[in-house]
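Chemist: show me the folded form of this:
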Amino acid sequence: MLARPRVWAWAAAGLVLLALPFYLDRFWLQAGLFAMAAALGAIGINLLTGATGQLSMGHAFFLAVGAYGYCAFAGDGSDGLAGLGLPGWLAAVLAVVLAGLAGGVFSPIAGRLQGAYLGIATLALIFIGQHVLFNAHDLTGGFNGRAVPPLDLFGLTFDDAELLVAQVPFGSAEKLWYLGLALLLGGALFARGVLRGRPGRAMNAIRDHKIAAGVMGIPVARYRGAVFVLSSMYAGLAGVLLALVFQRTVPEYFGMLLSLEYLAMIVIGGLGSVAGAVVGGVFVSLLPQLLNRYSDALPLVSAPGTGGIAPGEAARFLYGAAVVAVVLFLPGGLVRLAARRTRQQASALSAPSGSSGEER
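Modeler: Numbering: from 1, shown residues only. You can find the predicted model right below:
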């Protein structure tokens with residue numbers, strides 16, 4: 001009985017998402033795009049940490065590989081920085097592949113380490129990445145970063161040149177909105193298929209008891225390495241989308257704090273769940289932007305440099321408290337709470353029919 005209302009709800013939500021660029025201003029569209037990119041990256045780390053039990057502190061490194069890889073492949077060198085001048089769509093694909101190759105180089109280590117040991121090893125990637133980003137000036141632009149070439153796909157360029165659609169001017173944010181939706185939908189469906197299939201069962205077995213998984217014939221090291229590569233590719237794709245939205249890559253953004261935020265996303269949303277990764281990514285990415293937008297109307301929160309708590313710091317306090325609350329009172333994350341309510345509604349709807357059957 002609940003299947004049909006759920007389908008209608010998903011269809012209505014899809015129509016709303018498709019219509020939003022016709023009504024929202026640039027701030028809200030960019031906030032939504034940041035949330036989509038965060039959700040993509042969170043899906044990747046949830047496959048690694050939530051489903052396979054491998055702690056990674058270096059997720060931001062692979063986002064940087066995707067973002068700067070796209071700039072290097074798509075840049076034409078007119079800004080004095082290294083660039084191959086490839087078509088935008090090809091540069092995006094190669095950037096994701098490059099992130100996967102970077103993960104493949106590290107995968108032998110990821111296949112043999114676990115827990116805090118893997119977390120410390122991946123933490124080294126952040127320091128290596130930051131050193132390269134700040135010092136490889138010809139490639140990254142150094143401290144000031146580099147401009148991001150616009151993506152071109154099927155003859156459409158995702159830049160600020162206005163395109164009229166139903167008499168509504170579409171700039172880069174409006175165009176990227178539909179690309180972000182397509183990427184997020186494709187990434188979520190692929191990850192869901194992986195988790196519900198044979199690889200997902202093997203990943204969960206490795207997470208729950210690696211020795212028992214090995215006895216059952218599961219190649220533990222190979223699976224861990226493969227999931228690390230897949231997670232790196234999701235991060236690379238998120239990095240490409242972030243770069244296209246920001247329109248400029250800055251090394252400082254891809255630091256340790258970003259990796260910690262991604263861990264917070266999957267804990268708040270729900271470990272091992274694609275929906276949880278999306279919910280957590282949206283929550284953690286939107287919170288600082290909303291606080292910054294409405295800082296004048298919120299107590300104790302003020303604009304940066306004016307005293308009080310800056311919106312970014314307030315956001316970290318809030319989702320830090322959310323992590324503690326989820327760990328203590330809701331171990332399954334926000335999606336488990338939603339699932340619990342759905343089961344309660346289903347049992348409430350089935351109770352009258354069951355009781356009437358007994359009366360008969």
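
Chemist: ok, then the element right after the helix or strand containing Leu242?
Modeler: Per DSSP states H and E: Leu242 is located in helix 220-246. Following helix 220-246 in sequence order, the next helix or strand is strand 248-249 (DSSP H and E).

Chemist: tell me the spacing between Leu181 and Leu241.
Modeler: 11 Å (C-beta to C-beta, to the nearest Å). From N, CA and C alone the C-beta is placed, and that goes for glycine too.

Chemist: give me the common contacts of those two.
Modeler: Counting by C-beta atoms under 8 Å, 6 or more residues apart in numbering, the residues touching both Leu181 and Leu241 are Met36.

Chemist: who has more neighbours, those two?
Modeler: Ranked by neighbour count (other C-beta atoms under 10 Å), Leu181 and Leu241 place Leu241 first, with 28 against 18.

Chemist: count of neighbours near Asp296?
Modeler: Neighbourhood size, Asp296 [other C-beta under 10 Å]: 8.

Chemist: for it, grab phi and psi.
Modeler: phi -70, psi -30 (degrees, to the nearest 10).

Chemist: quick check: Gly272 touching Ala51?
Modeler: Yes: here Gly272 reaches Ala51: they are 4.8 Å apart, a contact under C-beta atoms under 8 Å.

Chemist: between these two, what contacts are shared?
Modeler: Joint contacts of Gly272 and Ala51 (C-beta under 8 Å, 6+ apart) are 195, 204, 207.

Chemist: of those, which is the nearest to Val105?
Modeler: Arg207 (23.6 Å; C-beta to C-beta).

Chemist: one step back: what about Gly272 and Ala51, which has more around it?
Modeler: Between Gly272 and Ala51, counting by other C-beta under 10 Å, Ala51 is the more crowded of the two (25 against 22).

Chemist: what about the more buried one, distance to Ile266?
Modeler: 10 Å.

Chemist: same check on Leu241?
Modeler: Distance from Leu241 to Ile266, counting by C-beta to C-beta: 18 Å.

Chemist: go on, Gly187?
Modeler: Gly187 is 14 Å from Ile266, by C-beta to C-beta.

Chemist: between the two, which is the more surrounded one?
Modeler: Taking neighbours as other C-beta under 10 Å, Gly187 and Ile266 compare with Ile266 leading, 29 against 23.

Chemist: any idea which helix or strand comes after the strand or helix carrying the more buried one?
Modeler: Taking DSSP H and E as the definition, Ile266 sits inside helix 256-269. The element immediately downstream of helix 256-269 (helix or strand, assigned by DSSP H and E) is helix 274-293.

Chemist: the helices in the stretch 101-250 of the chain, which residues?
Modeler: 115-135, 137-140, 172-196, 198-208, 210-215, 220-246 (DSSP state H, counting those that start in this stretch).
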